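> here is a sequence with its predicted model. Questions after.
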Amino acid sequence: MASRKSRIILIETSASLCSVALAEDGIVVAYRESAGGREHAALTAPFVAEVLEERGLKVADCAAVCLSAGPGSYTGLRVGSSTAKGLCFGADLPLISLSTPDIIVSKAIAGGLVPEGCSAIVPMIDARRMEVYSAVYSPAGERLTEIAPVVVDSDSFRELAGPVLLVGDGALKCREILNRPGFVFAEVLADAASMAPLAFKKLEARQFENTAYFEPFYLKDFVATVSRKKMW
């Protein structure tokens, strides 16, 4: 069995998919997910317990907890962050965070989705209406621009010459408006299993967060909505 120093709990709750994985020596050995939506608060902690139980382990048998830090759903990120921080404090483990667009790009590259001659990869995370959280990456996965909110229209990403790979739930949403020669679309969503390679690189480099002060990458302020239903 793998040693404690090579195990990481992986948590991804930034979008509709809620997923948790346990990786040993860079290999995912247990995995749980739900695509039901809005179930993160109810499922994240039980999923952690299940993947550990499957391997006969406790939280303290792991070396770190890794969280997909966003941007994405405000509620999902809060659930993932509170769960990860609770595990770290309870078992005295370090916290690792990964940018969600980095995870999506890494997954696309590992899945062999990058087209021949590709000039750029653009992850696009749905931020409602025609807005996405996005950045531009090289075909090798190097981030070339800052992650930022983008209101997508027919002129968006005109500066990129094809082939360009656009991935993520936001890319699929914008496929019609961005349908131009050289643009290739693929359904690639962040999940806990895809976090393993990036997480182990940070573990080896000891790139840890300050658990007490860590906050997810919300990118935009949370805006509460008021229900139209009468409460009394």
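Sure thing, it's come through.

> tell me the buried residues in stretch 140-159?
Buried residues in stretch 140-159, counted by 16 or more other Cβ atoms under 10 Å: 143, 147, 150, 152, 156, 157. C-betas here are computed from N, CA, C, even on glycine.

> just the residues you listed now: which is nearest residue 100?
residue 147 (8.7 Å; Cβ to Cβ).

> contacts only, for the nearest residue to the closest one once chain neighbours are set aside.
By the measure of Cβ to Cβ, 6 or more residues apart in numbering, the closest residue to residue 147 outside its immediate chain neighbours is residue 135, 4.4 Å from it. Shown in contact with residue 135 (Cβ atoms under 8 Å, 6 or more residues apart in numbering): 101, 122, 123, 143, 144, 145, 146, 147, 148.

> give me the distance between residue 135 and residue 189.
Taking Cβ to Cβ, to the nearest Å as the measure, residue 135 and residue 189 are separated by 16 Å.

> how about residue 173?
According to Cβ to Cβ, residue 173 and residue 189 sit 12 Å apart.

> same check on residue 50?
Applying Cβ to Cβ to residue 50 and residue 189 gives a distance of 21 Å.

> so between these two, which is more surrounded?
Set side by side, residue 50 and residue 189 show more neighbours around residue 189, with 21 against 15, by other Cβ atoms under 10 Å.

> and the lowest-mean-pLDDT helix or strand in the chain, what's buried?
The weakest-scoring helix or strand in the chain, judged by mean pLDDT, DSSP states H and E, is helix 169-173 (a mean of 91). The neighbour-count check on helix 169-173 (16+ other Cβ under 10 Å) flags 169, 170, 171, 172, 173 as buried.

> what's the answer for stretch 82-96, then?
Neighbour-count burial for stretch 82-96, counted by 16+ other Cβ under 10 Å, picks out 83, 84, 85, 87, 88, 93, 94, 95, 96.
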